[in-house]
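**Q** Pasting the sequence and the predicted model now:
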Amino acid sequence: MLQPISVSLAKLNLITLSPMLVVVGGALLILLIDLLKKDLDKSLYVMLSVLVLFVDFGATLSLGINERGFFDVMLEDGISILAQLTILIASMLFIPLALTSKRFHEYSYPEFFALFLFMIAGFQFMVATDNLIMIFIGLETASLALYTLIAMHNTPGSHEAAIKYFTMGAMAAGFFVMGAAVVYGLTGSVELYDVAKVFEARMAEPGFAIPLIGGALLLMVAIGFKVSLIPFHLWTPDVYEGASAPMAGYMSIVPKITMMVVAMRVLAMYVDMGVEAVRWMIIILAVVTMTLSNMMAIVQEDVKRMLAYSSISHAGFVMAALALDTTKAYSSIFLYYGLFLFTNLGAFTMLWITRHKQKRYHHRFHHPYEKFSGLIHTSPMGAVIMAIFMLSLTGVPPFSLFWGKLYVISATVDAGYIWLAIVMALNSAIAAYYYLKLIVYMFLKPPVPGVEAIAANASRPLMVIVGISVAVTVFSVFVMQPLLSYINYMVSVSGY
């Protein structure tokens, strides 16, 4: 006779699930409100979403460090908490961008906000576990919601973008499942802490290195698709072009920091065990990605596509830190994306402010360089703000991303990879060309007809978000030391 299984609530430690339950509950509440009362103003759903995110932020901050829960599937360590806080800050900056002065299709649906919260729950599940099955569940939850959010922009370009992203996402999911299957076949476990123990015990077995590296390669391909590493990047510029500017800016940050954490848990396991083949695969992918994407960004005619290739280059830049296997390197990833968050989302918000429903400056693109010609004469504040974001992305001191780049390069030098640090510095110099190109158009070119109406989509909430982004970009130097101390502490207590 089978004995009943007794599970205590203390063992489940459901508090580790509280951040995800908050956003799932918020999404269900929005759907319930829409069911009971139709045609409510979108500002209600924006405020509800922001409120839910604030509660989620508080729930995440209240978590204990290095706690496990839900049958030890959930892991709330310092890395997990840092990643979740980054995700929530980016989301709180994104949601108010729905309050534009013009009416855009997707924001009229309450389902947009519910799907957005479900997507955040998926991202949080991904970073708050070291179980390959739970990572996959979180990945698919977030991805399926994100495909729909892109399509809800309801333009031919957004439908094409959603289909391309869905296709590439399905391929990435397939590679992830195959990699996880290889890992399970070799170790009999999907828990990464158990997997690492078995790998270390079997490393000396003849022939074991081949399936070991094969599984790592499959997982790396899946991560490469999601982070947009070359040659898995082909979907990125088209998807960014088809999506709305805020959604493109959000995609350049949150899915990537999420997959960076997954890579930190999965690939760092191989690097920490001394599997040099995996370390060199990461380095080669990083160098190729940051170099070729910079070359491609130089020839773009559209600012949004340029920023798409720029985000690929930044991903390659940060990816190099994964190969270093030091606390400083892992800390640099969070510092870099924490600063990149405000700068890049601010730049895409400026594109959203200048968005017209009709293509007024180019037969294909909404944001060609010519659209910004002479902006200093027609909108001086807009030109200065956009220039600040471009200078920060370039890595010009004292703007925020300079400190991120400096810290990543410093971690690379400390780890003994001088040549890699030189390559990273050279790529930052190359990137300056296409960032400064936009500044040249804004400050040195004559205005084009119609440019006086460039701020077609401005509203007070959007200007507040831009103001926050500018403030962080300019004044982050004054909080750099306490921020670094906090990040280093959270990474070090996680065992990285």
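**A** Looks like it arrived, so ask away. Since the model is a prediction, treat every value here as computed from it, not as a measurement.
**Q** Residue 264 is in contact with residue 322, correct?
**A** Yes. Judged on CB atoms under 8 Å, residue 322 makes contact with residue 264 at a distance of 6.5 Å. (C-beta placed from N, C-alpha, C; glycine too.)
**Q** what's the average pLDDT for stretch 304-314?
**A** When pLDDT is averaged along stretch 304-314, the result is 89.
**Q** for stretch 34-49, same thing?
**A** Per-residue scores along stretch 34-49 average to 82.
**Q** Show me the contact partners of it.
**A** 26, 29-30, 33, 95-96, 98-99, 107-108, 110-113, 116-117 (CB atoms under 8 Å, 6 or more residues apart in numbering).
**Q** rewinding a little: overlap of the contact sets of residue 322 and residue 264?
**A** residue 333.
**Q** re the thing from before, filter the contacts of stretch 34-49 to the buried ones?
**A** 26, 30, 33, 95-96, 98-99, 107, 110-113, 116-117 (16 or more other CB atoms under 10 Å).
**Q** Show me the helices in the stretch 1-150 of the chain, by range?
**A** 9-12, 18-36, 42-61, 78-94, 110-127, 132-151 (DSSP state H, counting those that start in this stretch).
**Q** Which of the buried ones among the contacts of stretch 34-49 sits closest to residue 486?
**A** residue 95 (24.9 Å; CB to CB).
**Q** Just to check, the closest one is in contact with residue 116?
**A** Yes. Taking contacts as CB under 8 Å, residue 95 lies within contact range of residue 116: 7.1 Å.
**Q** ok so, going back, can you tell which of the helices of the stretch 1-150 of the chain is closest to residue 314?
**A** helix 78-94 (14.5 Å).
**Q** Going along the chain, name the strands of this structure.
**A** Applying DSSP state E to the chain gives strands spanning 67-69, 74-76.
**Q** between those strands, which gets the lowest average pLDDT?
**A** Sorting the strands of the chain by mean pLDDT places strand 67-69 lowest, at a mean of 79.
**Q** picking that back up, want to try TSV for the helices of the stretch 1-150 of the chain, with distance to residue 294 as columns?
**A** Below are those laid out as TSV (distance: least, CB to CB, whole Å):
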stretch	distance to residue 294
helix 9-12	48
helix 18-36	36
helix 42-61	34
helix 78-94	24
helix 110-127	28
helix 132-151	26
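**Q** Out of those helices, the one nearest residue 417 is which?
**A** helix 78-94 (22.4 Å).
**Q** How far away from the center of its chain is the closest one?
**A** When C-alpha coordinates are averaged (CA atoms, centre = their mean, to the nearest Å), helix 78-94 and its chain have centres 10 Å apart.
**Q** by contact count, what packs against it?
**A** In terms of contacts (3 or more CB pairs under 8 Å, 6 or more residues apart in numbering; DSSP states H and E), helix 78-94 is packed against helix 42-61, helix 110-127, helix 245-251, helix 254-272, helix 327-353, helix 460-475, helix 480-492.
**Q** Need these in JSON lines (columns: distance to residue 372).
**A** Below are these laid out as JSON lines (distance: least, CB to CB, whole Å):
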{"stretch": "helix 42-61", "distance to residue 372": "28"}
{"stretch": "helix 110-127", "distance to residue 372": "29"}
{"stretch": "helix 245-251", "distance to residue 372": "14"}
{"stretch": "helix 254-272", "distance to residue 372": "26"}
{"stretch": "helix 327-353", "distance to residue 372": "10"}
{"stretch": "helix 460-475", "distance to residue 372": "16"}
{"stretch": "helix 480-492", "distance to residue 372": "31"}
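**Q** would you list the strands of the chain in CSV and tack on distance to residue 333?
**A** Converted to CSV, these look like this (distance: least, CB to CB, whole Å):
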stretch, distance to residue 333
strand 67-69, 22
strand 74-76, 18
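**Q** now, of these, which is deepest in the fold?
**A** strand 74-76 (a mean of 24; mean count of other CB atoms under 10 Å).
**Q** Distance from the chain centre to that one, please.
**A** Offset of strand 74-76 from its chain centre (CA atoms, centre = their mean): 20 Å.
**Q** from now on call the first residue 202
**A** Sure, I'll start counting at 202 from here, so that last one is strand 275-277.
**Q** count of residues packed around residue 438?
**A** 24 (other CB atoms under 10 Å).
**Q** In this structure it contacts residue 510, no?
**A** Yes. Between residue 438 and residue 510 there is a contact at 6.3 Å, judged by CB under 8 Å.
**Q** Can you work out which residues contact both of these two?
**A** Counting by CB under 8 Å, 6+ apart, the residues touching both residue 438 and residue 510 are residue 501.
**Q** Let me know the angle separating the top helix by length along the chain from helix 333-352.
**A** Secondary structure assigned by DSSP state H gives helix 357-388 as the longest helix of the chain. On the basis of axes from the mean of the first three to the mean of the last three CA atoms, to 10 degrees, helix 357-388 is oriented at 180 degrees to helix 333-352.
**Q** For helix 357-388, which residues meet the burial criterion?
**A** Neighbour count says helix 357-388 has 358-359, 361-363, 365-367, 369-370, 373-374, 376-377, 379-381, 383-384, 387-388 buried, by 16+ other CB under 10 Å.
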